[in-house]
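1. Build me a model from this:
(one chain, ligands or ions: 1)
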Amino acid sequence: MDDLLKYEKSQITRFASRFDAFTQLIWKQEINGPLCLNPDFQSGSQISLEGITNLSEALVQFAFFLTCLNELSNCPLSTVNCQFKKNGGKEMVGKIDHIGIAVKNLEETLKFYEEVLGMKSVGTEVVEEQKVKVAFLPIGDTEVELLESTEEDGPIAKFIEKKGEGIQHIAYRVDNIEEAIERLKEKGIRLIDEKPRYGAGGAKIAFLHPKSTFGVLIELCERD
Ligand code: ZN
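-> Here you go, the predicted model:
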């Protein structure tokens, strides 16, 4: 901790500005006040370093926290804090956004998911560009996407023709799809979409070629 004392407030503020998550950084200057970070993070978490009784200790704590984020090293802070590593980190994908399942008849399939499994569709949508009608069914912190082809020559119709009904793709959530695409290109990964396109529910999506992903059709998905 001692070497972190060298951080001055201006350095720390600059340091913080390197993290998107800290756009709403609140710096409480009161000597005896707690140091609060309100990072406007997806989870809406607010981190309050209570019990800090003087500014220099606050600076040390803050610098320590940011160092953890920056170095992505063994972060001894709480797991709540560690979640922020993700935003400042190097991971390309976050959670599984959804699992795409190709079906012949959306209505019939929905009956199984809703009436037998007890899941609930949040509505259907036709995505003309991809020649599909889709329904999303949230489950836990991910979703199942059921896809029925609207045209005989659509990608879902072709998939079913070749392989039958079943899992067609896995979609991973990304923070910034353009950036992810660039990084994949740099690594020589084959892409179906070199630019993001419109996905159901207003998402920005792009598919990776299964030849580059050991047989799985992977979708990248960015949502607000
Ligand atoms: Zn999908």
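
2. How is the residue of the chain found nearest the ion assigned, secondary-structure-wise?
-> Residue nearest to the ion within the chain: Gly100 (4.0 Å; C-beta to the ion). C-beta: built from backbone N, CA, C; applies to glycine. Gly100 falls in the strand class when you classify it by DSSP: H, G, I helix; E, B strand; the rest coil.

3. Need the per-residue pLDDT for it.
-> Looking at Gly100, its pLDDT reads 97.

4. Find me the pLDDT at Ser43, would you?
-> 35.

5. The residue of the chain closest to the ion touches Gly166, doesn't it?
-> No. Applying C-beta atoms under 8 Å as the test, Gly100 and Gly166 come out as separate, 10.2 Å apart.

6. more neighbours, those two?
-> Using other C-beta atoms under 10 Å as the criterion, Gly100 and Gly166 rank with Gly100 on top: 22 against 10.

7. Residues of this structure that sit close to the ion?
-> For the chain, the residues in contact with the ion (C-beta under 5 Å from the ion) are 100, 145, 171, 219.

8. residue ranges of the helices in this structure, please?
-> Remark: helices assigned in the chain by DSSP state H are 9-17, 55-71, 79-82, 85-88, 106-111, 155-163, 177-186.

9. Which one of the ones you listed has the poorest average confidence?
-> helix 79-82 (a mean of 34).

10. need the contact list for the closest residue to Gln130 other than its chain neighbours.
-> Leaving aside its sequence neighbours, Gln130 sits nearest to Pro155 (C-beta to C-beta, 6 or more residues apart in numbering; 6.7 Å). For Pro155, the contacting residues are 130-132, 149, by C-beta atoms under 8 Å, 6 or more residues apart in numbering.

11. so how far is Lys163 from Gly154?
-> Distance, Gly154 to Lys163, using C-beta to C-beta, to the nearest Å: 15 Å.
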